[in-house]
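Peer 1: what follows is a predicted structure for the sequence shown.
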Amino acid sequence: MVFVCRRCGMCCRDLVQKDKGVLRGLTLLPGEEELFPETSVRPAVGIGRRPHERGFTIIARQLSLETCPHLGDTGCLIYSARPASCRQFPFSLREGPGGRQQMGLDLNCPALAELVEGSTDLRIRFEDRPSAERLLEVSTRARKRPKKAWFYDLESGKWMRYDNLIDEC
Ligand code: SF4
Ligand code: SF4
């Protein structure tokens with residue numbers, strides 16, 4: 001099966017959501033922050049002993065807006081240059097048991113929901129896997145160093161250490 005995006009724009013709204021007790025927006029990999037107005041970009045993930053100390057490195061940023069400013073009447077206005085988070089959607093990767101990659105599907109996407117409906121043999125070509133792998137690398141780096149990985153909470157404007165996040169699983 002081949003997934004084809006309908007450019008409906010559904011995934012370009014409600015971008016700010018709570019995850020493990022941290023209010024987070026659309027993740028932006030290094031360089032992607034330049035696609036958005038400076039005032040709408042905040043840090044997202046940092047690695048180091050403490051935020052603001054020497055050696056603290058921001059490895060991802062985030063968009064702090066609910067609706068993306070690039071969403072137009074006909075969908076994404078920067079489609080060919082859109083960030084990795086948008087390219088991977090409605091798919092994602094996570095690290096499963098034994099370090100194996102597991103693929104996630106977000107059935108809130110109407111095009112994907114329709115594609116998989118009633119299917120018993122699910123084999124979908126994941127065309128933008130490299131974007132998902134780059135995003136997975138960010139979360140893997142954080143998970144491997146839980147006492148030195150920090151997530152920025154849009155609600156409080158504070159950094160929260162990874163090993164203090166609320167496990168909602
Ligand atoms: S919700 Fe699905 S179909 Fe709609 S724009 Fe996003 S990826 Fe494309
Ligand atoms: S960059 Fe494009 S695809 Fe991504 S959230 Fe914004 S409008 Fe949607």
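Peer 2: Thanks, I have the structure now. Residues are numbered from 1 along each chain as shown. Ligands and ions are numbered 1, 2, ... in the order given.

Peer 1: contacts and neighbour counts: CA atoms only from here.
Peer 2: OK.

Peer 1: which residues of this protein fall in strands?
Peer 2: Applying DSSP state E to the chain gives strands spanning 17-19, 22-24, 27-28, 41-47, 57-63, 71-72, 75-76, 91-95, 101-105, 149-153, 158-161.

Peer 1: do the first one and ligand 2 meet?
Peer 2: What it means is strand 17-19. No: shown here: strand 17-19 not in contact with ligand 2 (C-alpha under 6 Å from any ligand atom), separated by at least 13.7 Å.

Peer 1: which elements pack onto that strand?
Peer 2: Where contact means 3 or more C-alpha pairs under 8 Å, 6 or more residues apart in numbering; DSSP states H and E, strand 17-19 is packed against strand 22-24.

Peer 1: could you rerun that using 6 Å?
Peer 2: Here strand 17-19 touches no other helix or strand, going by 3 or more C-alpha pairs under 6 Å, 6 or more residues apart in numbering; DSSP states H and E.

Peer 1: average pLDDT for it, rounded please.
Peer 2: Regarding strand 17-19, the rounded mean pLDDT is 95.

Peer 1: for the top helix by length along the chain, which positions count as buried?
Peer 2: The longest helix of the chain (DSSP state H) is helix 129-144. Neighbour counts over helix 129-144 (16 or more other C-alpha atoms under 10 Å) mark 129, 131-133, 135-136, 139, 141-142 as buried.

Peer 1: just give me the closest of the residues you listed to ligand 2.
Peer 2: Ligand 2 lies nearest to S131 out of the buried residues of helix 129-144, by C-alpha to the nearest ligand atom, at 12.8 Å.

Peer 1: close to ligand 1: what parts of this structure are there?
Peer 2: For the chain, the contact set with ligand 1 under C-alpha under 6 Å from any ligand atom comprises 5-11, 89-90, 109-111.

Peer 1: got JSON lines for those, with distance to R50 too?
Peer 2: Formatted as JSON lines, the residues of the chain next to ligand 1 follow (distance: C-alpha to C-alpha, whole Å):
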{"residue": "C5", "distance to R50": "41"}
{"residue": "R6", "distance to R50": "43"}
{"residue": "R7", "distance to R50": "41"}
{"residue": "C8", "distance to R50": "41"}
{"residue": "G9", "distance to R50": "38"}
{"residue": "M10", "distance to R50": "37"}
{"residue": "C11", "distance to R50": "33"}
{"residue": "F89", "distance to R50": "32"}
{"residue": "P90", "distance to R50": "34"}
{"residue": "C109", "distance to R50": "38"}
{"residue": "P110", "distance to R50": "41"}
{"residue": "A111", "distance to R50": "42"}
